[in-house]
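> from the sequence below, what's the structure:
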Amino acid sequence: MKLSTTALAALCLGLAACSSSDKTSSTKQGDLGTGINTVDRQYGRSASETWAAAEAAVKTYDITVESDAHDAMGGEIRAHRASGEKVVVRVKSLDDKNANVSVRVEPGNRNMAEMIHEKIADKLGMKEAKSAFFGGNTCEGTYPHSLDACAKAAEDAARRLDMTVTSKEVHDEKAVVDARETNSNPVQFRMKKVDKGVQVTFVAGREKNDAMRDLCYRMKTEFENSIASKSN
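Numbering: from 1, shown residues only. Model prediction:
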């Protein structure tokens, strides 16, 4: 049976629509690849060390492991929470001393993914005493605002710089906000009450270098942008 040109074109369009629908359905049902809710970080440790920390982090949260496969270059853990949420942790070697970790908790629980990353950093010994592991560049400023307002501005500044806020402590006379870049580089906003308001010390990294100096001033700039916007 011969088909007219018009009929043949309609048939091709129909087949294409079905194919597109199948692909969309498949993606929606189980997209555990990289996406907006996948959290990636780099760690200054070998793939083997990072893999061991990732395994320990998953076990800490009583997540049921379905499969794990790894070698010297990294690997993948597939698991699920008691709620049924799927968890995928991927470790990939970047070089002998650095590894990348990708964490996704389906259907997009970014907060849980961040918590798993923080536990990995903890297992790797990258969450040392706060007074000890900061040795990077610093800069300061004094602001005529309340301690609480400055702490909120510090949180906002960290997020503006695409950092993860890892802890926040506010007391009567002082406050501290800790955060971490996507490569796990730590930063800190230290605040204390003074006669003219609140003195803020911005601390970037574990060692002094040009990159940390620039980051320190970016922290200060974003903090000042945030505190100014909240005052208007």
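
> what's the neighbour count on Lys230?
When neighbours are counted by other C-beta atoms under 10 Å, Lys230 registers 13. The way it works is simple: take the backbone N, C-alpha and C, and place the C-beta from them, glycine included.

> my bad, Asp178
22.

> for the spatially closest residue to Thr164 that is not a sequence neighbour, which residues make a bridge with it?
Closest residue in space to Thr164, ignoring its immediate chain neighbours: Arg180 at 5.1 Å, by C-beta to C-beta, 6 or more residues apart in numbering. For Arg180, the beta-bridge partners are Thr164, Pro186 (DSSP bridges).

> any idea how far Arg180 is from Thr142?
To Thr142, Arg180 is 26 Å away according to C-beta to C-beta, to the nearest Å.

> so between those two, which is more surrounded?
Arg180 (23 against 12).

> my guess is the more buried one contacts Gln188. True?
No - at 10.0 Å, Arg180 does not count as touching Gln188 under the criterion of C-beta atoms under 8 Å.

> all the helices of the protein, in order from the start?
In the chain, the helices defined using DSSP state H lie at 5-30, 47-60, 110-123, 130-133, 147-160, 210-231.

> rank those by mean pLDDT and give me the bottom one.
With a mean of 40, helix 5-30 has the lowest mean pLDDT of the helices of the chain.

> residues of stretch 205-216 that come out buried?
By neighbour count on 16 or more other C-beta atoms under 10 Å, the buried set for stretch 205-216 is Gly205, Arg206, Met212, Arg213, Leu215, Cys216.

> not including adjacent chain positions, what is the nearest residue to the fifth one?
It refers to Leu215. In this structure, Leu215 finds its nearest non-sequential neighbour in Ala204, 4.2 Å apart by C-beta to C-beta, 6+ apart.

> repeat that for the third one.
Leaving aside its chain neighbours, Met212 sits nearest to Gly205 (3.8 Å; criterion: C-beta to C-beta, 6+ apart).
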